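1. Need the 3D shape of this:
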Amino acid sequence: MQDAIRQLLAELGEDPGREGLRDTPRRVEKSLRFLTSGYEADVDAVINNALFSVEYNEMVIVRDIDFYSLCEHHLLPFFGKCHVAYIPQGRVLGLSKIPRLVDIFARRLQIQERLTNQIAETLREKVDPLGVAVVMEATHLCMAMRGVEKQNSVATTSAMLGVFREDARTRMEFLELIKRPELNSRAVMMPMGLAGVHE
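-> Alright, predicted model coming up:
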């Protein structure tokens, strides 16, 4: 990988051998391997039997989870907040595991829509709850630094499964608790639209 990075620097018109860039290939490789470490992560190992039987069937929410990911189209970062909820039916997942699941899928080359769905579907598969809800809000540097150059735009995606999709009151309760009542629908993207995110 470091040879490829040196070649990329040269193609950009730089001298990979100059003092400021001499160690850049090593640093970039280390950074990229960390930022894409989700490919090697084992979901079951992360959960690590942290599923507990409990007589609790009310909503569980972990909100304002910071996440950072790389857009697969330009390899530029997108980052923001993730809000996750589920309604258990007989067992709950250790709370610290939910941000870890977010990290597993965020630390891959991604698009925000897929990332949102992967978190929701994994929770549904591993916990078997009555429903799962995930809302993600992110700033995309591929929109802010290039392309449409809209620095203040935010892309919002949601995945509503089970009772969150079927029951408007349950969905509204979740959105009220994370203070996003404007998302009380099955629509997924911000008014900015898909073109601005993936252009």
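
2. hey, let's count contacts and neighbours off CA atoms from now on
-> Noted.

3. quick one: buried residues of the biggest helix by length in the chain?
-> Among the segments of the chain that qualify as a helix by DSSP state H, the longest is helix 112-127. Neighbour-count burial for helix 112-127 flags 112-113, 115-121, 123-124, 127 (criterion: 16 or more other Cα atoms under 10 Å).

4. Switch the residues you listed over to TSV; also include pLDDT and distance to Val54.
-> Formatted as TSV, the buried residues of helix 112-127 follow (pLDDT from 0 to 100; distance: Cα to Cα, whole Å):
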residue	pLDDT	distance to Val54
Gln112	97	33
Glu113	97	32
Leu115	98	29
Thr116	98	27
Asn117	98	26
Gln118	98	25
Ile119	98	23
Ala120	98	21
Glu121	98	22
Leu123	97	17
Arg124	97	17
Val127	96	12
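
5. And those, which two are furthest apart?
-> Gln112 and Val127 (22.7 Å; Cα to Cα).

6. Residue ranges in this structure under the pLDDT threshold?
-> For the chain, residues meeting the criterion pLDDT under 70 lie at 181-199.

7. What segments of it are strands?
-> Using DSSP state E, the strands found in the chain span residues 51-53, 60-71, 77-87, 91-93, 109-110, 131-140, 155-162.

8. Which neighbours in the sheet does the longest one have, and how are they oriented?
-> Looking at strand 60-71 with DSSP bridges, its paired strands and their directions are strand 77-87 (antiparallel), strand 109-110 (parallel).

9. got a list of what the residue lying closest to Gln151 once chain neighbours are set aside touches?
-> The spatially closest residue to Gln151, leaving aside those adjacent along the chain, is Ala144, at 4.3 Å (Cα to Cα, 6 or more residues apart in numbering). Shown in contact with Ala144 (Cα atoms under 8 Å, 6 or more residues apart in numbering): 150-153.

10. Now distance to Cys71 too, for these, in JSON lines please.
-> Listed next are the contacts of Ala144 as JSON lines, based on distance: Cα to Cα, whole Å:
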{"residue": "Lys150", "distance to Cys71": "16"}
{"residue": "Gln151", "distance to Cys71": "16"}
{"residue": "Asn152", "distance to Cys71": "18"}
{"residue": "Ser153", "distance to Cys71": "16"}
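
11. And those, which is closest to Asp44?
-> Checking the contacts of Ala144 against Asp44 with Cα to Cα, the nearest one is Ser153 at 35.5 Å.
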